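Undergrad: Got a predicted model here, sequence first, then my questions.
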Amino acid sequence: MNTSPIAFLKGHGTQNDFVIVPDPDNALDLPADAVARLCDRRAGIGGDGLLHVVRSAAHPEAKAMADEAEWFMDYRNGDGSIAEMCGNGVRVFAWYLVRAGLVEAGDLAIATRGGVKKAHIAKTGDVTVSMGRALLPEAGVTVSVDGRSWPARNVNMGNPHAVAFVDALDHAGDLRAVPPYSPAGVYPDGVNIEFVVDRGPRHVAMRVHERGAGETLSCGTGACAVAVAAARRDGADPALTGTPVTYTVDLPGGTLVITEHPDGEIEMTGPAVIVAEGVIDPALLAR
């Protein structure tokens, strides 16, 4: 068992917060139960998820991407489960690399389980991330809360989303538990569920239940899914018009700006902040 203190940092992107564990050589054993303890807000450090910072060449899931991206974001949900992607996490991950002197501000490629993501890091801490293209499967679901039901648009941003447009955000109820949806078979691996209201022209607000984390104050891939769903609802499709579409998305933790380009690429811009750093008692991981 490793008995040396393990370095960590704490960061957030629009208050979607993360434990950051630098481990360039992939030397740490981080089983799901250990990650859950680290993310516990009372008995651990606390976070919506964990950013395990590994060189792509050192991780079996990222070796194939090493030529494109030196660094791999081995992202874990707060319950310890593995996730394909986290948009706010990518921004914080990128800002950490700059802060640690591992990369320069500017353009950067980051490997994720959802593919290689391109980021542009401003010296102010704002980060723009190319989030890839949205897939819009035809099969959707109906989401129900407290006797109300809404159709939800199926949007995949490397992870699955169900986007429901509602009259008021409090209609989402208590999002600590997964809101009931059917048919369940549309999302065999679970789903992130967004509840959305209009604030103005190309301006929406949302709340989200993230699978494995409950309600979070922000979800980057969720904001992208919401912007795409809102654009299609509003009759806007950049692939058909040749004109980019930009939506401002308000989340409980802050604001993200989402642009969908004619080639389908989606860019997300928002802040990334590192708030603290320290060491983890290795006994916390070894229980």
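TA: Received it, and whenever you're ready, just let me know what you need. All values derive from a computational prediction rather than experimental measurement. Numbers count the residues shown, from 1 in each chain.

Undergrad: Break the protein down into its domains, please.
TA: 6-125+272-286, 141-269 (automatic domain parsing).

Undergrad: Let me have those in a markdown table, extended by distance to residue 131.
TA: C-beta here means a position set from N, CA and C on the backbone, and glycine is covered the same way. Formatted as a markdown table, the domains of the chain follow (distance: least, C-beta to C-beta, whole Å):
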| stretch | distance to residue 131 |
| --- | --- |
| domain 6-125+272-286 | 6 |
| domain 141-269 | 5 |
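
Undergrad: Could you find the closest non-adjacent residue to the residue nearest to the spatial centre of the chain?
TA: Per C-alpha atoms, centre = their mean, the C-alpha nearest to the average position across the chain is that of residue 86, at 2.3 Å. Of all residues not flanking residue 86 in the chain, residue 75 sits nearest, at 5.0 Å (C-beta to C-beta, 6 or more residues apart in numbering).

Undergrad: As a check, name the ranges of all helices in the stretch 101-250 of the chain.
TA: Along the stretch 101-250 of the chain, counting by DSSP state H, counting those that start in this stretch, helices occupy 220-233, 238-241.

Undergrad: Of the ones you listed, which is nearest residue 52?
TA: Taking C-beta to C-beta, helix 220-233 is the member of the helices of the stretch 101-250 of the chain nearest to residue 52, at 17.7 Å.

Undergrad: and residue 95, what does it touch?
TA: 11, 121, 125, 127, 272, 273, 274 (C-beta atoms under 8 Å, 6 or more residues apart in numbering).

Undergrad: surely the last one meets residue 17?
TA: This points to residue 274. No - counting by C-beta atoms under 8 Å, residue 17 is not a contact partner of residue 274; they are 10.9 Å apart.

Undergrad: Looking at those two, which is more packed in?
TA: For residue 274 versus residue 17, neighbours defined as other C-beta atoms under 10 Å are more numerous around residue 17 (26 against 18).

Undergrad: and the nearest residue to residue 123 once chain neighbours are set aside, what is it in contact with?
TA: Residue nearest to residue 123 in three dimensions, not counting chain neighbours: residue 105, with 5.0 Å by C-beta to C-beta, 6+ apart. Residues near residue 105 by C-beta under 8 Å, 6+ apart: 98, 121, 122, 123.

Undergrad: that older thread, spell out for me the ChimeraX command that would select the buried members of the contacts of residue 95.
TA: A single ChimeraX command selects the buried members of the contacts of residue 95 (16 or more other C-beta atoms under 10 Å):
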select :11,121,125,127,272,274
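
Undergrad: Check the closest residue in space to residue 217 that isn't next to it in sequence and give its pLDDT.
TA: Excluding the flanking residues, the one nearest residue 217 by C-beta to C-beta, 6+ apart is residue 253, at 3.2 Å. You'll see residue 253 listed with a pLDDT of 96.
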